[in-house]
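Enquirer: Got a sequence here, can you model it:
(one chain, ligands or ions: 2)
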Amino acid sequence: AMRHLPYFCRGEVVKGFGRGSKELGIPTANFSEQVVESFPSDISTGIYYGWACVGNGDVHKMVLSIGWNPFYRNTKKSVETHIIHTFKEDFYGEILSIVIVGYIRPEKNFDSLEALISAIQEDIEEAKRQLDLPEHLKLKEDNFFHLAEGKIVNNH
Ligand code: ADP
Ligand code: MG
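Expert: Residues are numbered from 1 along each chain as shown. Ligands and ions are numbered 1, 2, ... in the order given. The predicted model follows:
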């Protein structure tokens, strides 16, 4: 699962399948099918942690799921990022930049909504701990996250 990491990726945030992530308090920003297709085809499904930034905004911790997309009858993957930050507004259509840093666990089925939510909360705690390690913290400062900023300045 770690072979492709760290993995840098940038793309537009699109409407997802509407599985009610937001209602659970864990909204997930979905990448377009095109961005998902650009991922290594052999990347493992499951839960990952890393860093994320919306537009030219601050870099935040995130958890990410790579899973099978029910919209395409589970023939295509979906890549969804939950940013560990409270945003004032939705950011559909904005550019999300992420670096996937590490793997937490494979996809699982849960017996109840409570079990699902508590697993996700554990994933978030694990992500926070891992990302505080010096070797992972340094990726937060990676030039990748300042590239978009530079582009806009140069286009003026
Ligand atoms: P969808 O099915 O359209 O992906 P979600 O319930 O998963 O709907 O909500 C995702 C949307 O919520 C994102 O596209 C983004 O605009 C917004 N959002 C607000 N806060 C966050 C956050 N902390 N992490 C991810 N997305 C967020
Ligand atoms: Mg979503």
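Enquirer: tell me which parts of the chain are close to ligand 2?
Expert: Selection of the chain residues close to ligand 2 by Cβ under 5 Å from the ion yields Gly16, Ser21, Thr28, Asn30, Glu80. (Glycine included, C-beta is placed from N, CA and C.)
Enquirer: Show me where this structure has its strands.
Expert: 7-14, 29-31, 46-54, 59-68, 77-83, 95-105 (DSSP state E).
Enquirer: what's the fifth one in contact with?
Expert: To tie it back to what came earlier, the one meant is strand 77-83. Strand 77-83 is touched from outside by 9, 16-17, 21, 26-31, 35-36, 39, 45, 52, 54, 60-69, 71, 96, 98, 120, 124, with contacts defined as Cβ atoms under 8 Å, 6 or more residues apart in numbering.
Enquirer: Same check on the fourth one?
Expert: Taking contacts as Cβ under 8 Å, 6+ apart, the residues outside strand 59-68 that touch it are 28, 39, 43-53, 74-85, 98, 100, 104, 107, 120, 123-124, 127-128, 131, 140, 145.
Enquirer: And those, which of them are buried?
Expert: By neighbour count, with 16 or more other Cβ atoms under 10 Å, the contacts of strand 59-68 hold 28, 39, 43, 46-53, 77-84, 98, 100, 104, 120, 123-124, 127, 131, 140, 145 as buried.
Enquirer: and the residue of the chain at minimum distance from ligand 1, how many neighbours does it have?
Expert: Going by Cβ to the nearest ligand atom, ligand 1 is nearest to Gly16 of the chain, at 2.5 Å. Neighbours of Gly16 under the rule other Cβ atoms under 10 Å: 18.
Enquirer: starting at the chain centroid, how far to the longest helix that the chain contains?
Expert: Longest helix in the chain by number of residues (criterion: DSSP state H): helix 113-131. Centroid separation for helix 113-131 versus its chain: 14 Å, with Cα atoms, centre = their mean, to the nearest Å.
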